[in-house]
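Peer 1: Got a sequence here, can you build the structure:
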Amino acid sequence: MGKDSKAKDSGAKGKGKQAASGSDENASKGKGKGGKAADGLGTCTYVKARHILCEKQGKINEAYKKLQDGWLSNGDKVPPAEFAKVAQEYSECPSGKKGGDLGWFPRGKMAGPFQEVAFNTPVGVTSAPFKSTHGYHIILSEGRKN
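Peer 2: Predicted coordinates for the structure are as follows:
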């Protein structure tokens with residue numbers, strides 16, 4: 001279990017650093033308090049996200065490879081419409097039929113690692129695969145607000 005949290009933390013943070021510079025303007029659209037939390041990470045009340053959920057690690061890795069091959073390996077952000085196509089193909093969650101769209105959800109609604117990754121992934125950034133009690137996930141952060 002300790003291995004999962006280490007992999008999740010380093011993967012999510014690595015991806016966040018890669019594209020954080022382009023997300024500042026979207027992340028601070030809420031109440032715009034500025035200051036040290038201008039990127040909105042960890043301070044927002046609501047997040048809008050899409051996700052892919054798979055029971056097996058191999059399947060989530062396949063989905064992530066598809067995202068890497070198309071966008072991430074070039075340093076590009078995955079367009080929401082393209083993430084939605086991959087979610088429809090791979091996700092085993094009922095939200096997969098809607099392109100993995102979870103809409104807006106408040107802090108405290110999602111369990112443990114899922115909430116942590118969702119609220120710490122910059123807008124427009126795709127998380128690395130990580131494990132929760134429900135299976136393996138990839139999250140695309142689409143927005144933040146207070």
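Peer 1: where exactly do the strands run in this structure?
Peer 2: Taking DSSP state E as the criterion, the chain carries its strands at 46-54, 101-106, 130-132, 135-145.
Peer 1: looking at this protein, which helix or strand does the model trust least?
Peer 2: helix 24-27 (a mean of 36; mean pLDDT, DSSP states H and E).
Peer 1: closest one to residue 72 among the strands of the chain?
Peer 2: strand 135-145 (10.4 Å; C-beta to C-beta). Every residue, glycine included, has its C-beta placed from N, CA and C.
Peer 1: Which strands or helices does the closest one pack on?
Peer 2: helix 24-27, strand 46-54, helix 57-70, helix 80-90, helix 112-120, strand 130-132 (3 or more C-beta pairs under 8 Å, 6 or more residues apart in numbering; DSSP states H and E).
Peer 1: out of those, deepest packed?
Peer 2: strand 46-54 (a mean of 23; mean count of other C-beta atoms under 10 Å).
Peer 1: got the angle between that strand and strand 135-145?
Peer 2: The directions of strand 46-54 and strand 135-145 differ by 160 degrees, with axes from the mean of the first three to the mean of the last three C-alpha atoms, to 10 degrees as the criterion.
Peer 1: Tell me how many other residues crowd the closest residue in space to residue 84 that isn't next to it in sequence.
Peer 2: Nearest non-adjacent residue to residue 84, counting by C-beta to C-beta, 6 or more residues apart in numbering: residue 99, 2.6 Å away. A count of neighbours around residue 99, defined by other C-beta atoms under 10 Å, yields 19.
Peer 1: Against residue 49, how distant is residue 99?
Peer 2: As judged by C-beta to C-beta, to the nearest Å, residue 99 and residue 49 stand 12 Å apart.
Peer 1: Many thanks, have a good one.
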